[in-house]
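Peer 1: Sequence first, predicted model second:
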Amino acid sequence: MLDYLRDPAEIYRRSFEIIRSETDLSALPEDLHDLAIRIVHASGQPGLVAHLAWTPDVARAARAALAAGGPILADSRMVADGVILRRLPRNNPVLCTLYEPEAATQAQALGTTRSAAAVDLWGDRLAGAVVAIGNAPTALFRLLERLIDGGPRPAAILAFPIGFVGAAESKQALIDAGLGIPYLTLRGRLGGSAMAAAAVNALGAEPG
């Protein structure tokens, strides 16, 4: 038999021991340390912490929204399915509208992506929600358009769209927008659904 570690608890313990030894958290506020560690665990890249951008109130705002029962709005099923429901404080609904029939119909009518059209289907559920974007830059761009136009304001935005077209630009647009909405994002092309879900899972758990 191959020689490798098999004990799940020990694998988990050693994983986070290694992450803490290799990840520089000194630039982050303390209430984002657990979240950053979870993102590193999801990505295998300790260095990406240096590329995080955030507002100082994002952890507090997101935790308060979840504690009040606010929904989690995800841009993809991968994000939604990655949320650990038992970690959520109020059995919070986790919603993804990407595969609703109206998303495809509206996308075709407007000449946009289904991911962007799905953001419109969030409707008034956006108010007070925690938004988790881990796939589509167009979802983040459309969210920003809705907010700039005076749409319902979420409690917090966790933005990790990934890719070579629009990912870096959409995240920079969030940073530059000055909307007064708490956010956490990762500059550049890197991102992904695993990171977005990891951020939600960290915020859903008791801090510490």
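Peer 2: Received the coordinates, thanks.
Peer 1: What are the buried residues along stretch 88-104?
Peer 2: The neighbour-count check on stretch 88-104 (16 or more other CB atoms under 10 Å) flags 88, 92, 94, 96, 97, 98, 103 as buried. Placement of C-beta: from N, CA and C, glycine included.
Peer 1: ignore the last one, stretch 158-165
Peer 2: Using 16+ other CB under 10 Å as the test for burial, stretch 158-165 gives 158, 159, 160, 161, 162, 163.
Peer 1: Ok, stretch 40-49 next?
Peer 2: Here stretch 40-49 shows 40, 41, 42, 43, 46, 48, 49 as buried, counting by 16+ other CB under 10 Å.
Peer 1: How about stretch 132-151?
Peer 2: When burial is assessed from 16+ other CB under 10 Å, stretch 132-151 yields the following buried residues: 132-144, 146-147, 151.
Peer 1: again, but for stretch 67-75
Peer 2: When neighbours are counted by 16+ other CB under 10 Å, the buried residues of stretch 67-75 are found to be 70, 71, 72, 73, 74, 75.
Peer 1: Using PDB, list the CA coordinates for the helix ranked longest in the chain.
Peer 2: When secondary structure is assigned using DSSP state H, the longest helix within the chain turns out to be helix 8-22. Coordinates of the C-alpha atoms in helix 8-22 are reproduced here as PDB (Å, rounded to 0.1, in the frame of the first residue of the first chain):
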ATOM      1  CA  PRO A   8      -9.400  12.700   8.300                       C
ATOM      2  CA  ALA A   9      -9.000  14.600  11.600                       C
ATOM      3  CA  GLU A  10      -5.200  14.600  11.300                       C
ATOM      4  CA  ILE A  11      -5.300  15.700   7.700                       C
ATOM      5  CA  TYR A  12      -7.600  18.600   8.700                       C
ATOM      6  CA  ARG A  13      -5.400  19.500  11.700                       C
ATOM      7  CA  ARG A  14      -2.100  19.400   9.700                       C
ATOM      8  CA  SER A  15      -3.600  21.300   6.800                       C
ATOM      9  CA  PHE A  16      -4.500  24.300   8.900                       C
ATOM     10  CA  GLU A  17      -1.300  24.000  10.900                       C
ATOM     11  CA  ILE A  18       0.600  24.400   7.600                       C
ATOM     12  CA  ILE A  19      -1.600  27.200   6.300                       C
ATOM     13  CA  ARG A  20      -1.100  29.200   9.500                       C
ATOM     14  CA  SER A  21       2.700  28.700   9.300                       C
ATOM     15  CA  GLU A  22       2.900  29.800   5.700                       C
END
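Peer 1: Pass me the low-pLDDT residue ranges in the chain, would you?
Peer 2: In the predicted model of the chain, residues 206-208 satisfy pLDDT under 70.
Peer 1: mind redoing it with 90?
Peer 2: Judged against pLDDT under 90, the low-scoring parts of the chain cover residues 1, 205-208.
Peer 1: can you pull out the helices in it?
Peer 2: With DSSP H as the criterion, the chain has helices at 8-22, 33-43, 58-67, 77-82, 101-110, 114-120, 137-148, 167-177, 193-204.
Peer 1: Need the winner for burial among the ones you listed.
Peer 2: Mean neighbour count, computed with mean count of other CB atoms under 10 Å, is highest for helix 193-204 among these, reaching a mean of 26.
Peer 1: Okay then, goodbye and thanks.
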